[in-house]
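Participant: Sequence and computational prediction follow.
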2 protein chains.
Amino acid sequence: MDERFVIVGGDAAGMSAASKAKRDEPGLDVTVFERGEWVSYAACGMPYYVKGEIEDLEDLVSVTPETFREERDIDLRTGHEVVEVDPDAETVTVERDGERFEQSYDHLLIGTGARAIEPPFDGIDLEGVFTIHDMDAADAIEDDVSDDLERAAIVGGGYVGVEMAEALAGRGLEVSMFEMLPTILAPFGETAAGVVENHLREQGVSLHLETAVEGFTGDGRVEAVELEDEESVPADVVIVGVGVAPNVSLAEDAGIEIGETGAIATDEYGRTNDENVYAAGDCAEERHVVTGEPAHVPLGLTANRAGRAIGQTVAGSPTETGDIAGTAIVKAFELGASRTGIVDEDEAREAGFDPVSVTIDAASRANYYPGASELTVTLVADRESERVLGASLVGQEGVKRIDTVATALHAELTVSELENLDLAYAPPFSPVWDPILTAAKVLNGQLE
Amino acid sequence: MDERFVIVGGDAAGMSAASKAKRDEPGLDVTVFERGEWVSYAACGMPYYVKGEIEDLEDLVSVTPETFREERDIDLRTGHEVVEVDPDAETVTVERDGERFEQSYDHLLIGTGARAIEPPFDGIDLEGVFTIHDMDAADAIEDDVSDDLERAAIVGGGYVGVEMAEALAGRGLEVSMFEMLPTILAPFGETAAGVVENHLREQGVSLHLETAVEGFTGDGRVEAVELEDEESVPADVVIVGVGVAPNVSLAEDAGIEIGETGAIATDEYGRTNDENVYAAGDCAEERHVVTGEPAHVPLGLTANRAGRAIGQTVAGSPTETGDIAGTAIVKAFELGASRTGIVDEDEAREAGFDPVSVTIDAASRANYYPGASELTVTLVADRESERVLGASLVGQEGVKRIDTVATALHAELTVSELENLDLAYAPPFSPVWDPILTAAKVLNGQLE
């Protein structure tokens, strides 16, 4: 196969595609352009580096550039930024050290990722104010946090905010968190979010919900967070984590179609409206398994899986990227929370369902077995079809059980079918009725 | 509803049926005859009572007799043994303190459970030799194990054997284990069993595989285990755990059909060949979700679920008992092992499949995250249909993930569908590709 596969972006989607394509079809020329220096890194591990649980930032790199180049025969070029795509000519324009060159392609993958949103806060450029968007940012934060600092402020109560709260508290700082919405972790639903909020407070985090941040003040370095309706709150370091936005301008400028979610529209093979141009990872849409509609949920597994499928497709075996269920899991100090599918009832109604939901508390192990703790399960189903729509879990252990519900969503199981699953039971691992089964049993009672 | 529902046996199946029937149809007369004194107890918790992790045997009772009688209005009679069933007359004969009486029924549930098999070993009646078959046995063992004892022998390497090895080692005894087969925990497959065997040895258990026990010797109290081809092994206490047999003689004598597995044959509603007689729990067959054939896998969830469904059916809402997947999980010292479906390739072939399997090692969490340990996954599928047939997991943490595969079995997912599940990822909980997904990915490679 005398073809060239060009990939823009050297993280999860790009490097998975490169590796899979080259493995399946060694004759393919595979070139990856990455504007930064880091490739194939686990962004999700960065809070734990800041916390001090991971010694070396390099530990987050799953495959080194040398391995890609030497063992996998991939032409990986870091410090190279693709600044233009010309789909008609099938070329990309690459900039390196201020110089530009063109590169032709037969197949192109856009894996430009997402960026941390930087709201137009006053003082966002002050020293000590960070967004966490890449490895260099993690490094900078880790460097910045010294024994001299006492108070940290986290703006935004999403995954990154919650993980960074744990990280900075772990470094000995007093942490305040500011969230505009009535709850943190909105995608997990009110119940799970409420449990996490109480836990954060118990851990000493000062939680400011429904609180709008105006900006930051300080003399060179940040000294306080300014709020709209309240007194300012002192802060020696600030992390802004208010969400991410897909990097689509390169695609948009090339006439590639952008979907309603704001990310690049793709078909089931990860192909854009141009048949030789694919998109994957945090910049692309995927189909949601419950709604069947395009969704943008930028997470690691999605990027890896879609990249790998596209690599396989480019190598000659058309492979679907797979649907997503929006499955997510987060650690918050001593607590875990997880979610999948549609948890929010309004969102379910918008998708055309008539949602019914229950919330139950159950023991994570047999209640007489040492170490058992309380697990709170919310399960949502459609009244008419009785199909399971989504769930959230929160508790000290056992929240990876969300995978059972995620599997049920992919298989389109009804609540009765979920209730009748033969799940694993022994006292050290579960009550006789796994908490998921108990939730299904109770929800089934509501459907009768 | 002026009808009488009579239940034989007051453990999981019986009490679940009684509670559900009475809740759904309060007008029903519900009578339970239990020959012993304990009802609704968690037999699976007994090893942890012996180990000393559960203080009071009563803690294993999930609902007390008083609650059943007073709050649930169930006529629960302990110390009452049903000695005969007459399906034509629709009566049972009950014995109590040597006296007999008859009781008529409209619906009958046989929930007679299973008993520990007692092989015809010489010396099985010696003091210090126990089978673990009920709460009184657990109590007797716990009482018997004192500081004077030094060496324990476990005959049989199934769940009970492995759990009792942990329990007695936890009480400070040196433990020897004797198993006739080449591996312990045969239903988990060779790979998982091998990992557990190594771990038992590391924990100081002296493992005698492919070793036939002839009997026990001692003067009043057991002093040694006698082997067929080897020297005898000293033992101060012996636990015989070589499996269980369903208690079917009551049913058999009444002309109720016994299935090929030796347990009572039932239809999808738990009904026997007599339309007013149901059977559930450790004495009954259930349909296997992979083979579609009757199977006998006596475990707690199956008993609870089938009992509950029968209670609902008797109360007027026909409810299927649900299929089983043979899902099981066991703790062995610091290790967990789990299994579901068909793991053994010979068994798969006998069921008409063409099995392909892979075994992989993967990290339980992101490999850079503290506490990550190795998880070994064996995944089995059918070559032609590519349907997932079963799996086993073994490792220090994360073996409850077997539920994902169990769910896949119920939904009849293919390996590709399993590989494409959107499972939960964050570094403290999983690698990007959950070990189940990695196994599916590798197995899929073998199927292409």
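Facilitator: Okay, I see it.
Participant: distance of the residue lying closest to A:Ala426 once chain neighbours are set aside from B:Tyr48?
Facilitator: What sits nearest to A:Ala426 in space, not counting adjacent residues and going by CB to CB, 6 or more residues apart in numbering or on different chains, is B:Ile329, at 4.7 Å. C-beta coordinates here come from the backbone N, C-alpha and C atoms, glycine included. Note on B:Ile329: its distance to B:Tyr48, by CB to CB, to the nearest Å, is 14 Å.
Participant: what's the answer for A:Leu379, then?
Facilitator: As for A:Leu379, its distance to B:Tyr48 is 30 Å (criterion: CB to CB).
Participant: who has more neighbours, these two?
Facilitator: A:Leu379 (30 against 25; other CB atoms under 10 Å in any protein chain shown).
Participant: and the residue nearest to the more buried one when sequence neighbours are not counted, what are its phi and psi?
Facilitator: With sequence-adjacent residues excluded and distances taken as CB to CB, 6+ apart, A:Leu379 is closest to A:Ala439, at 4.1 Å. Backbone torsions for A:Ala439, taken as degrees, to the nearest 10, come to phi -60, psi -40.
Participant: okay, now A:Ala439: neighbour count?
Facilitator: A count of neighbours around A:Ala439, defined by other CB under 10 Å, yields 29.
Participant: Could you do A:His133 as well?
Facilitator: Neighbour number of A:His133 under other CB under 10 Å is 20.
Participant: Report pLDDT for it.
Facilitator: At A:His133, the predicted lDDT confidence score is 79.
Participant: Just confirm it contacts A:Asp139, I think it does.
Facilitator: No: the pair A:His133 and A:Asp139 fails to qualify as a contact (CB atoms under 8 Å) at a distance of 12.0 Å.
Participant: So what sits opposite the closest residue to A:Ala295 other than its chain neighbours in the bridge?
Facilitator: Excluding the flanking residues, the one nearest A:Ala295 by CB to CB, 6+ apart is A:His288, at 4.0 Å. Here A:His288 sits in beta bridges with A:Ile324, going by DSSP bridges.
Participant: My read is that A:His288 contacts A:Ala325, right?
Facilitator: Yes: look at A:His288 against A:Ala325 with CB under 8 Å: they come within range, at 7.2 Å.
Participant: The two: which is more packed in?
Facilitator: Under the criterion of other CB under 10 Å, the comparison of A:His288 against A:Ala325 puts A:Ala325 first, with 29 against 21.
Participant: What is the least confident helix or strand in chain A?
Facilitator: Sorted by mean pLDDT, DSSP states H and E, the helices and strands of chain A end with helix A:135-144, the least confident at a mean of 92.
Participant: Just the residues contacting that one, thanks.
Facilitator: With contact meaning CB atoms under 8 Å, 6 or more residues apart in numbering or on different chains, helix A:135-144 is reached by A:36, A:38, A:41, A:43, A:46, A:49-50, A:57, A:60, A:116, A:128, A:130-132, A:237, A:239.
Participant: and if we set it to 7 Å?
Facilitator: A:38, A:41, A:46, A:49-50, A:57, A:128, A:130-132, A:237 (CB atoms under 7 Å, 6 or more residues apart in numbering or on different chains).
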